[in-house]
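Participant: A structural model of the following input is requested.
(chains A and B)
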Amino acid sequence: MEVKELLKTKIKDALNKLGVDLDINQIDIENSKDPTHGDYASNVALKNARLVKKPPVELAKMIEKEIDMDGIDKIEIAGPGFINFYMAKGSITGVIKKIFERGDDFGRGEKKNCKVNVEFVSANPTGDLHVGHARGAAIGDSISRILEFDGYDVTREYYINDAGNQIDHLAESILERLKEALGMPFDLPADGYHGEDVRLVALAIKDELGDRLPECLKEEGFIEELKLKGMELELEKIRIDLKTYGIVFDVFSSEKAMRANGAVEKEIEYLSDHIYVDDGAKYLRTTDFLDDKDRVIVKRDGSYTYFLPDIVYHVNKLSRGFDKLIDVLGADHHGYINRMKSALMMHGYSSDALEIELIQMVRMMRDGEEFKLSKRTGNGYTLRELCEDVGVDAARYFFVMRAASGHLDFDLDLAVKQSSDNPVYYAQYAHARLCAVLEKAEDISLDVSCSHLSEQSELDLVKQLSLFPDAVKSASKERAPYKITNYIHDVAEKVHSFYTECRVIDRDNIEVTSSRLALCQATKIVLKNALHLVGVSAPEHM
RNA sequence: GCGCCCUUAAUUCAACUGGAUAGAAUGCCAGACUUCGAAUCUGGAAGUUGAGGGUUCGAGUCCUUCAGGGCGCGCCA
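Facilitator: Take a look at the predicted model:
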């Protein structure tokens, strides 16, 4: 049993003896942040003093008197009524053995039997992914990894808006670029895509068509062909960039497919009780639910707003058996939340069947100043370039290390720096250092019971390792990958301190050495597990 | 004007969801390599948590009123 659970049970039993029956989930055990407050602390006495009609300190003392002290060195009542527990060394180091037993699964949550669909990136296939997508991608994938690790069944999904006019603009842009490539007069549409990337796509199409190109340009249906071809090529680039970035989607859904077979018309039919017509347009009465304004779903000219197929899409996702949908979206979509939830409620789903994680803007900083364009190409700064410039590990770590709800300043200079200033290297270096030591002492066996650990820095590290399952739970519950990077940083810090203070390999003292080696190995496992959750590698050598 | 988010050290951010003396990193100052990787470590200075009021044993956290910033408020996606 974990130490915290053990303490909870002990407290519950003690309370029982005092004639107080308290649910075990009502008992909080905190990890003391201050070593003078022991290893663990509880505020049960403060919270429940009224049950015994005595001051908190009195209740704390009563609990202290009744509690089973097995595994506990000392108890102190402090402040207004906190109970501080000082654990016996064996209770603390027990976690090492557990880490060895569970290995890659240490920290993994129990199976939840809950299917979650995480939709993220979903960028229009009309050009390269940029740094805004990169943050959403890093966070979306980390959330997926964390939920998976915590015991959920996760599907990563990408929604392709291939039915809107963005694709028309793409095709028109390619068409003009093709004319350009043939030396013909050309005119890029004002709302088209003027970037270098689209020009290259056009050149690829030109190569493919070869001599047929001039003929094709005259054909009526050629623009349709360009839509398909252009999108396919753009999507392929996106797939490759994401893969390099460590992200693979399980499902790509297409808006076009969503609209097929009269699905949208059926949806209108289904929602008819919530629809009214005003000034020739059809409105959905979302204000009956959570929205502050009714929304147009069919325009006066009979075409649909993007909202309608989006409803079809979300209903489709839920109909595929997911218990929860998570959309990772840019912060400018916040108006969208209640609108979509309302629509789903019309289908009888609860308002929390859909959860939307809003990602704030990224500002790229170089030399202390914001920049938007690439130095090399003069175009927008893309995910691909970012990976080339700072590496995948640094990019992903930086994007998730702050809460998604806050703006992020991405310090490019810091990200390329190979020193402790750079949190990624700080963490990876800790891992590599441990590997180096373990490699050097391969012939010495490990003492998994860690019976010869006594230094403060050793015990601090052990305690830090024992916090990993908590960190996972909290990151999962709050969809907050940054909790993992914070955790990683804390582990790395403790590793470096331990390493400086305690020489691991001492061939004249094999007992201590094997305990320390076991600690190193356990730490290595935990660090690797944690880094994996944010999609960052754990290198053995750097 | 209405709605949502934000405001914590010089800077970028934490704070276990209401807990003890508000913590890290960067930057600044002072130290530590004959030894497992100095890509490291150990100290130090730095705060009226934007301002006021309220709720209670206890508030950065909850309520409220202000001030400042961002985003949204399309028959755009």
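Participant: looks to me like residue A:355 is in a helix.
Facilitator: No: read with DSSP: H, G, I helix; E, B strand; the rest coil, residue A:355 is strand and lies in no helix.
Participant: how many neighbours does it have?
Facilitator: Residue A:355 has 16 neighbours, counted by other Cβ atoms under 10 Å. The way it works is simple: take the backbone N, C-alpha and C, and place the C-beta from them, glycine included.
Participant: spatially nearest residue to it, not counting backbone neighbours?
Facilitator: Leaving aside its sequence neighbours, residue A:355 sits nearest to residue A:326 (Cβ to Cβ, 6 or more residues apart in numbering; 5.0 Å).
Participant: in what helix or strand does the one you found lie?
Facilitator: strand A:324-330 (DSSP states H and E).
Participant: other SSEs contacting the helix or strand following that strand?
Facilitator: Next helix or strand after strand A:324-330 toward the C-terminus (DSSP H and E): helix A:334-346. Applying 3 or more Cβ pairs under 8 Å, 6 or more residues apart in numbering; DSSP states H and E, we find helix A:334-346 packed against strand A:281-284, helix A:307-319, strand A:354-359.
Participant: give me the buried positions along helix A:334-346.
Facilitator: Neighbour counts over helix A:334-346 (16 or more other Cβ atoms under 10 Å) mark A:336, A:337, A:338, A:339, A:340, A:341, A:342, A:343, A:344, A:345, A:346 as buried.
Participant: so what's the second one up against?
Facilitator: The one in question is residue A:337. Counting by Cβ atoms under 8 Å, 6 or more residues apart in numbering, residue A:337 makes contact with residue A:356.
Participant: got a list of contacts for stretch A:306-319?
Facilitator: Residues contacting stretch A:306-319 (Cβ under 8 Å, 6+ apart): A:117, A:119, A:157, A:159, A:161, A:163-164, A:253, A:255, A:258-259, A:263-264, A:267-268, A:271, A:284, A:295-298, A:325, A:339-340, A:343-344, A:347, A:349, A:353-354.
Participant: restrict those residues to those near RNA strand B?
Facilitator: A:161, A:164, A:295, A:296 (Cβ under 7 Å from any atom of the strand).
Participant: tally of neighbours for the nearest residue to the second one once chain neighbours are set aside?
Facilitator: Same thing as residue A:164. Leaving aside its sequence neighbours, residue A:164 sits nearest to residue A:306 (Cβ to Cβ, 6+ apart; 6.6 Å). Neighbour count for residue A:306, taken as other Cβ under 10 Å: 12.
Participant: now swap in residue A:331 and tell me
Facilitator: Residue A:331 - counted by other Cβ under 10 Å - has 14 other residues nearby.
Participant: list the contacts of it.
Facilitator: A:358, A:359, A:360, A:361, A:405.
Participant: gap between the fourth one and RNA strand B?
Facilitator: To tie it back to what came earlier, the one meant is residue A:361. 7 Å (Cβ to the nearest atom of the strand, to the nearest Å).
Participant: and that residue, how far is that from residue A:531?
Facilitator: Applying Cβ to Cβ, to the nearest Å, the value for residue A:361 to residue A:531 is 26 Å.
Participant: related to what we said a few turns ago, sort out for me which of the contacts of stretch A:306-319 are in helices.
Facilitator: A:255, A:258, A:259, A:263, A:264, A:267, A:268, A:339, A:340, A:343, A:344 (DSSP state H).
Participant: ok, so of the ones next to RNA strand B among the contacts of stretch A:306-319, who is nearest residue A:472?
Facilitator: Of all these, residue A:472 sits closest to residue A:161, with 33.9 Å by Cβ to Cβ.
Participant: doesn't residue A:124 make contact with the closest one?
Facilitator: Yes: at 5.2 Å, residue A:161 and residue A:124 qualify as touching, with contact defined as Cβ atoms under 8 Å.
Participant: overlap of the contact sets of those two?
Facilitator: residue A:167.
Participant: just the element for residue A:85, please.
Facilitator: Counting by DSSP H and E, residue A:85 is found in strand A:82-87.
Participant: typed the wrong thing, it's residue A:171
Facilitator: Applying DSSP H and E, one finds residue A:171 within helix A:165-181.
Participant: what about that helix, near RNA strand B?
Facilitator: Yes: Helix A:165-181 lies within reach of RNA strand B by Cβ under 7 Å from any atom of the strand, at A:165, A:166.
Participant: and that helix, what's buried?
Facilitator: For helix A:165-181, by 16+ other Cβ under 10 Å, it's A:166-181.
Participant: what helices or strands is it leaning on?
Facilitator: helix A:196-209, helix A:213-218, helix A:222-244.
Participant: as JSON lines, those with mean neighbour count, mean pLDDT and distance to residue A:310 would be great.
Facilitator: Shown next, in JSON lines, are the helices and strands packed on helix A:165-181 (neighbours: other Cβ atoms under 10 Å; pLDDT from 0 to 100; distance: least, Cβ to Cβ, whole Å):
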{"stretch": "helix A:196-209", "mean neighbour count": "17", "mean pLDDT": "91", "distance to residue A:310": "26"}
{"stretch": "helix A:213-218", "mean neighbour count": "13", "mean pLDDT": "90", "distance to residue A:310": "34"}
{"stretch": "helix A:222-244", "mean neighbour count": "17", "mean pLDDT": "94", "distance to residue A:310": "19"}
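Participant: tell me the angle the strand holding residue A:326 makes with strand A:354-359.
Facilitator: 30 degrees (axes from the mean of the first three to the mean of the last three Cα atoms, to 10 degrees).
Participant: now do strand A:324-330, average pLDDT.
Facilitator: The average of the pLDDT scores along strand A:324-330 is 93.
Participant: and it, what other elements does it pack with?
Facilitator: strand A:115-119, helix A:131-149, helix A:307-319, strand A:354-359.
Participant: of those, which approaches residue A:518 most closely?
Facilitator: Judging those by Cβ to Cβ, what sits closest to residue A:518 is helix A:131-149, at 23.7 Å.
Participant: touching RNA strand B at all, that closest one?
Facilitator: No: using Cβ under 7 Å from any atom of the strand, we find that helix A:131-149 stays clear of RNA strand B, coming within 12.1 Å at best.
Participant: right, I'll call it a day here.
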